[in-house]
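1. sharing a model prediction with you, sequence too.
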Amino acid sequence: MKKYLLVLLLLFGAFQTAFGQSTIMIMGDSISNGYQIPPGKSWGSLLQQCINNMHTDILVVNESQNNSSTKLGLKNLPESLTAHQPDIVIIALGSIDAKNNNSPESVKDNIKQMIELSTENEAKVILAGTPMSNAKYFQSFSSLAKDNNLVWVNNLYADLKPKAKPILEDGIHANANAQKTIMNTVWKKLYPLLDL
């Protein structure tokens, strides 16, 4: 059964390519999966709406999962690449690693392998720093972006205004009002990569 599913995914990816549709794929955790956000209101959904308003045939696929670490993201990436054949991959992982105090070295290695897999599949990569980043994590992400000449969003929450109280009571996730700001933070880096 799994073999037949893989064949269908490959055919779907070939269909998209044949008809010239570009695909942006988000690999993130609950911050990008829209935790406690109404359907259609997460920053990934807003990104698709923004692109639709430009009458451009670009599909945004959100492969983010709640509680996804960089290790899990790396494990899931090959199948996601095969299924969607993305032109651009946005890697927005690391918050779970920071929460679990995983070593910056292991996080860096996982992200490095994700970058390599994506580029081997001819996808451009945008690397987004975790909002829970400490100095060691930030350095790991920053050096990966520089060494691989990647587009770099140093923090998804970089443009949020503290006075607006954009974070939920859990101290981690952005609320619905903050999602457009996050989308705009990513869009500023994403737009130059699009052939518009």
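-> Sure thing, it's come through. Predicted model only: the values in this text are computed from it and were never measured. Numbers count the residues shown, from 1 in each chain.
2. hey, let's count contacts and neighbours off CA atoms from now on
-> Noted.
3. wouldn't P131 be in contact with L93 here?
-> No - between P131 and L93 there is no contact under Cα atoms under 8 Å: 9.5 Å.
4. of those two, who's got more company?
-> L93 (32 against 21; other Cα atoms under 10 Å).
5. and the residue lying closest to that one once chain neighbours are set aside, what are its phi and psi?
-> Nearest non-adjacent residue to L93, counting by Cα to Cα, 6 or more residues apart in numbering: G28, 4.9 Å away. Taking degrees, to the nearest 10, you get phi -140, psi -170 for the backbone angles of G28.
6. quick check: bridge partners of G28?
-> For G28, the beta-bridge partners are A92 (DSSP bridges).
7. how close does it get to I58?
-> Going from G28 to I58 by Cα to Cα, to the nearest Å gives 19 Å.
8. look at the two and report which has more neighbours.
-> Ranked by neighbour count (other Cα under 10 Å), G28 and I58 place G28 first, with 26 against 17.
9. so that one sits against E63, correct?
-> Yes - with contact defined as Cα under 8 Å, G28 counts as touching E63 (6.9 Å).
10. what's the helix or strand for V125?
-> Per DSSP states H and E, V125 falls inside strand 124-128.
11. tell me which other helices or strands that strand touches.
-> If contacts are counted by 3 or more Cα pairs under 8 Å, 6 or more residues apart in numbering; DSSP states H and E, strand 124-128 sits against strand 88-92, helix 104-120, strand 151-153.
12. tell me which of these sits nearest to G171.
-> Shortest distance between G171 and the helices and strands packed on strand 124-128, using Cα to Cα, is found for strand 88-92: 18.0 Å.
13. the closest one vs helix 104-120, what angle?
-> Relative orientation of strand 88-92 versus helix 104-120 (axes from the mean of the first three to the mean of the last three Cα atoms, to 10 degrees): 170 degrees.
14. centre of the chain to strand 88-92, how far?
-> Remark: strand 88-92 is offset 4 Å from the chain centroid, using Cα atoms, centre = their mean, to the nearest Å.
15. now that strand against strand 124-128, angle please.
-> Going by the same axes, to 10 degrees, strand 88-92 makes 20 degrees with strand 124-128.
16. check which residues of strand 88-92 are buried.
-> I88, V89, I90, I91, A92 (16 or more other Cα atoms under 10 Å).
17. now tabulate these in a markdown table and tack on pLDDT.
-> Shown next, in a markdown table, are the buried residues of strand 88-92 (pLDDT from 0 to 100):
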| residue | pLDDT |
| --- | --- |
| I88 | 98 |
| V89 | 98 |
| I90 | 98 |
| I91 | 98 |
| A92 | 97 |
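18. low-confidence ranges in the protein?
-> 1-20, 133 (pLDDT under 70).
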